[in-house]
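Participant: Dropping a prediction and its sequence here:
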Amino acid sequence: DRVVVQSYASTAASTVITNTANSVDTVFDTNYTIPANTLKAGSTIRIRAFGNVVARNSSDTHTFKIFIGGTAGTAICSYATLGIAAGQSFMLEAYINIRTAGSGGTAFGNGWIMHSAGTVVMAPVTAGFSIDTTLTQQVCVTDRPSAQSSSNQTRLDQLIVDVL
């Protein structure tokens, strides 16, 4: 039996992301870094993120992602054409299981994305991936709009990370 210990819960909304280039995954400033050597074989990382599209340019779409290891790491949850309107919410949830620990560690992840218009998309990583558990691992959520516009504005209202 494992005890659930909440590793991180945001206490305020992120800064609004505005006018992001369409070829860039922009990290919300609400994120969490798992300390080095915390993850062991059998560890599970549960990530839940909830946010809002504050404003939207025309019919632009948004790609929201959850990463482990920062944007240079692995995207666990991603959906490329989320046609979400201004004022609507989005939610992402991902699970990562550490299979082996160490500098050559391995993991498997899966997740899903939903928005307030009712669309649910399973967005799994279809194969395992490498993870160096001897290093810190940043858990972050990103947004990438389909076009650059100051009218595209998103905010991450809640981020919860549990390391089990």
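Facilitator: That came through, no problem.
Participant: I'd like to know which helix or strand in this structure has the lowest mean pLDDT.
Facilitator: Ranked by mean pLDDT, DSSP states H and E, the weakest helix or strand in the chain is strand 120-122, scoring a mean of 67.
Participant: low-confidence ranges in this structure?
Facilitator: Confidence mapping of the chain against pLDDT under 70 gives the ranges 1-4, 80-82, 117-126.
Participant: show me where it has strands.
Facilitator: Secondary structure of the chain (DSSP state E): strands at 6-9, 17-18, 26-27, 32-34, 44-55, 62-68, 74-82, 89-100, 106-115, 120-122, 129-130, 137-145, 153-163.
Participant: need these in a markdown table with mean neighbour count, can you?
Facilitator: (Glycine included, C-beta is placed from N, CA and C.) What follows is the strands of the chain, written out as a markdown table (neighbours: other Cβ atoms under 10 Å):
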| stretch | mean neighbour count |
| --- | --- |
| strand 6-9 | 14 |
| strand 17-18 | 19 |
| strand 26-27 | 18 |
| strand 32-34 | 18 |
| strand 44-55 | 20 |
| strand 62-68 | 24 |
| strand 74-82 | 20 |
| strand 89-100 | 20 |
| strand 106-115 | 20 |
| strand 120-122 | 12 |
| strand 129-130 | 16 |
| strand 137-145 | 23 |
| strand 153-163 | 20 |
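Participant: Nearest residue to the middle of this protein?
Facilitator: In the chain, the residue lying closest to the centroid (Cα atoms, centre = their mean) is I66, at 1.9 Å.
Participant: list the contacts for G109?
Facilitator: The contact partners of G109, by Cβ atoms under 8 Å, 6 or more residues apart in numbering, come to 68, 74, 76-77, 94-97, 124-125, 129.
Participant: and it, bridged to which residues?
Facilitator: I96 (DSSP bridges).
Participant: Same question for the one 5 residues further on.
Facilitator: Under DSSP bridges, the beta-bridge partners of M114 are M91, V120.
Participant: I'd say it and Y79 touch.
Facilitator: No. Here M114 does not reach Y79: they are 9.7 Å apart, not a contact under Cβ atoms under 8 Å.
Participant: wait, I47 sits on M91?
Facilitator: No. Using Cβ under 8 Å, I47 is not in contact with M91; the gap is 11.2 Å.
Participant: any idea how far the nearest residue to Q6 once chain neighbours are set aside lies from I17?
Facilitator: Once flanking residues are discounted, Q6 sits nearest to D162: 5.5 Å by Cβ to Cβ, 6 or more residues apart in numbering. D162 is 25 Å from I17, where distance means Cβ to Cβ, to the nearest Å.
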